[in-house]
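**Student:** Task: produce atomic coordinates for the following.
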Amino acid sequence: MDNPTVDQDRLDDQVNRFGFWCAAACIATALLALLLPLDVPEGYAATATDRLAWLHANSGAFVAGWMNQIVAMLSLSGLFLALAWRARHRNPLAALLGAGAVAMATMAFAIPKFMAVWTIPLLTEASITGGSGAEMASMLLPLLNVSIPFSLYTSFDYLGFWLYALFALLVTRSLVGQDGLSKLAALSLGLFGWGFHLALALLLSGVIGAAEIEIYFGASFIPLLPLILVMAVIFRRAGSD
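**Tutor:** All right, here's what the predicted structure looks like:
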């Protein structure tokens, strides 16, 4: 007869290893993102003509940059799901709701990032060549501007990050452990969750303007960096026990 305890230990070990490799992939894609462009330089202020010319000339690098972002997003979602698994011991309901938020965030991110590697290059080609659909492509490209914080494209991205932040608020308390690394991980995750919601409150109240969105919300993402590094160590240790 199978031993449930052994099966549980095996599953815990697999999740710990999965969490470690997700954290490693997050670090690798973050480093690679430094080399790959995601939009025309000074994208917020760039004219539509300049952006179209840049997209046409740098189509390969643009697609590679966003393919890297897809891997980064999937890796971070995997890391968060592994965190939800750890949180289930103290608060199973919060862990379940948090996992649901991560799943919805992954879908929200998948939509614009698929547009980046599929739709935007095709729209660019149609606009440049002036072929069939060129007029529609010229109208759609501004809606999918990856640098304008209120475009249709970035709206999906910020929706995904809000769901990530919601996950953070749900599971942070359940992750606090006795050792220093667990406390640091919980603190980093909590700072991200509260920081994002603070920036959202400032935006909705009119304190933050459109040109400042990236600065304020970008600052809330900073705690994710130590979180990923700390969780890589925690999952590595847990997976090797």
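**Student:** Assign Glu214 to helix, strand or coil.
**Tutor:** Reduced to three states with DSSP: H, G, I helix; E, B strand; the rest coil, the structure at Glu214 is helix.
**Student:** Would you confirm that it contacts Pro149?
**Tutor:** Yes. Contact criterion Cβ atoms under 8 Å: Glu214 and Pro149 qualify, at 5.9 Å. Any C-beta I mention is one placed from the backbone N, CA and C, and that applies to glycine too.
**Student:** what about these two, which has more around it?
**Tutor:** Between Glu214 and Pro149, counting by other Cβ atoms under 10 Å, Pro149 is the more crowded of the two (20 against 15).
**Student:** tell me the secondary structure for the more buried one?
**Tutor:** Under three-state DSSP, Pro149 falls in the coil class.
**Student:** what's near enough to touch the spatially most central residue of the chain?
**Tutor:** Taking Cα atoms, centre = their mean, the centroid of the chain lies closest to Met73, which sits 4.5 Å from it. By Cβ atoms under 8 Å, 6 or more residues apart in numbering, Met73 lies in contact with Thr106, Phe109, Ala110, Lys113, Gly160.
**Student:** Which strands or helices does the helix or strand containing Gly190 pack on?
**Tutor:** Per DSSP states H and E: Gly190 is located in helix 180-204. Here helix 180-204 touches helix 152-175, helix 213-221, helix 224-240, going by 3 or more Cβ pairs under 8 Å, 6 or more residues apart in numbering; DSSP states H and E.
**Student:** Helix 224-240 and that one, what's the angle between them?
**Tutor:** Helix 180-204 runs at 150 degrees relative to helix 224-240, counting by axes from the mean of the first three to the mean of the last three Cα atoms, to 10 degrees.
**Student:** in helix 180-204, what's buried?
**Tutor:** 182, 184-197, 199-200, 203 (16 or more other Cβ atoms under 10 Å).
**Student:** Provide the contact partners of it at residue level.
**Tutor:** With Cβ under 8 Å, 6+ apart, helix 180-204 has contacts from 83, 161-162, 164-169, 171-173, 175-177, 208, 213, 216-217, 219-221, 223-224, 226-227, 230-231, 233-234.
**Student:** Could you point out which residue ranges in this structure have low pLDDT?
**Tutor:** The model of the chain has pLDDT under 70 over residues 1-6, 178, 239-241.
**Student:** at 80 what do you get?
**Tutor:** 1-9, 43, 45, 131-132, 177-178, 211, 238-241 (pLDDT under 80).
**Student:** which residues are common contacts for Glu214 and Pro149?
**Tutor:** When Cβ under 8 Å, 6+ apart defines a contact, the residues bordering Glu214 and Pro149 alike are Tyr44.
**Student:** just the angle between the strand or helix carrying Ala84 and helix 152-175, please?
**Tutor:** If you go by DSSP H and E, Ala84 is part of helix 59-87. Here the directions of helix 59-87 and helix 152-175 differ by 20 degrees (the same axes, to 10 degrees).
**Student:** What residues sit buried inside helix 59-87?
**Tutor:** Buried residues in helix 59-87 (16+ other Cβ under 10 Å): 62-66, 68-70, 72-87.
**Student:** Perfect, I'm done here.
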